[in-house]
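J.: Following is a predicted model, sequence given first.
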Amino acid sequence: MPKPSAKANVDDSEGSSSDRVVEYVTSGLLAGRLVPGQRLIEADLTLSLRVSRGPVREAFRRLDALGIIVGAMHRGACIRSLSRSEALELLVALEPLEILMVRSAARQMASRSQASEVSPYADELRRYRDKDRDLEITPDRRKRFTDLLIALSGNSQLPSIYPTMRLHVLRLQTNSFEVPGSPRINIEDYAEIARAVLRGDEDQAERAMTRHNQRMQERIKRLPDEAFPVTGNT
């Protein structure tokens, strides 16, 4: 397991010890330092992050509740890897939340009632609409796309109920695998969704997001068995 950087060695005044462990794991996933299936050794975390075992175990409980890790107490844990059926069930569960997300975002754009609040997010979303190749739709940029839509939606509950990190972990798990004869989901999907949201077209935004989700499900079905654990992390 990669060792935490020196930045992790901070005083407790900067946040609770368990918060630091959670931040280390989530930031490690976003940066690609941690990957699905990778072990998290309790003793390494207590030493490197200068926290006691209690906060590490509390962090593990929180990360497990988020669906990010799995493992037995006292033996460490590992970053979750989803089975194929779990991945498909996650995408099915996401669809109504994603529809709510894009419809709400499009409605906000159409109303322009809070233009000063949505403008920074809309400006960034236009880069996806315009298929800015500098974005290169990698897992971290996909996560940012979702973050933008949630911010634009104006729904205060979406950030806490949308499983952003669990979806990010699935992307990390499957991103390196190709599907023979099928194009990978790419910037075109995001451009179509972004166009509809920025126009304030709720119905088109829903259709675009639904197509995107269905394409993701089809890709999961066609990925090689090597992309998934035999029995899942259960």
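T.: Arrived safely.
J.: quick one, helices of the protein?
T.: Along the chain, the segments classed as helices by DSSP state H run 17-31, 42-48, 53-65, 84-111, 115-129, 139-153, 158-161, 164-174, 187-199, 202-222.
J.: Hmm, R84 is touching L223, no?
T.: Yes - with contact defined as C-beta atoms under 8 Å, R84 counts as touching L223 (7.4 Å). (Each C-beta comes from the backbone N, C-alpha and C, glycine too.)
J.: Which residue comes closest to S17 once chain neighbours are left out?
T.: Distance criterion C-beta to C-beta, 6 or more residues apart in numbering; nearest residue to S17, sequence neighbours excluded, is P55 at 3.5 Å.
J.: Next up, the contacts around the nearest residue to R103 once chain neighbours are set aside.
T.: Nearest non-adjacent residue to R103, counting by C-beta to C-beta, 6+ apart: E202, 4.5 Å away. Neighbouring residues of E202 by C-beta atoms under 8 Å, 6 or more residues apart in numbering: 102-103, 106-107, 110.
J.: Repeat the analysis, applying 10 Å as the threshold.
T.: 99, 102-107, 109-110, 196 (C-beta atoms under 10 Å, 6 or more residues apart in numbering).
J.: Make JSON lines out of those residues and add neighbour count, distance to L172 and pLDDT.
T.: Output for the contacts of E202, formatted as JSON lines (neighbours: other C-beta atoms under 10 Å; distance: C-beta to C-beta, whole Å; pLDDT from 0 to 100):
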{"residue": "I99", "neighbour count": "17", "distance to L172": "25", "pLDDT": "98"}
{"residue": "V102", "neighbour count": "26", "distance to L172": "24", "pLDDT": "98"}
{"residue": "R103", "neighbour count": "19", "distance to L172": "28", "pLDDT": "98"}
{"residue": "S104", "neighbour count": "20", "distance to L172": "27", "pLDDT": "96"}
{"residue": "A105", "neighbour count": "32", "distance to L172": "25", "pLDDT": "96"}
{"residue": "A106", "neighbour count": "25", "distance to L172": "29", "pLDDT": "96"}
{"residue": "R107", "neighbour count": "18", "distance to L172": "32", "pLDDT": "94"}
{"residue": "M109", "neighbour count": "22", "distance to L172": "30", "pLDDT": "92"}
{"residue": "A110", "neighbour count": "14", "distance to L172": "35", "pLDDT": "90"}
{"residue": "A196", "neighbour count": "24", "distance to L172": "27", "pLDDT": "97"}
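J.: I'm done for today, thanks for sticking with me.
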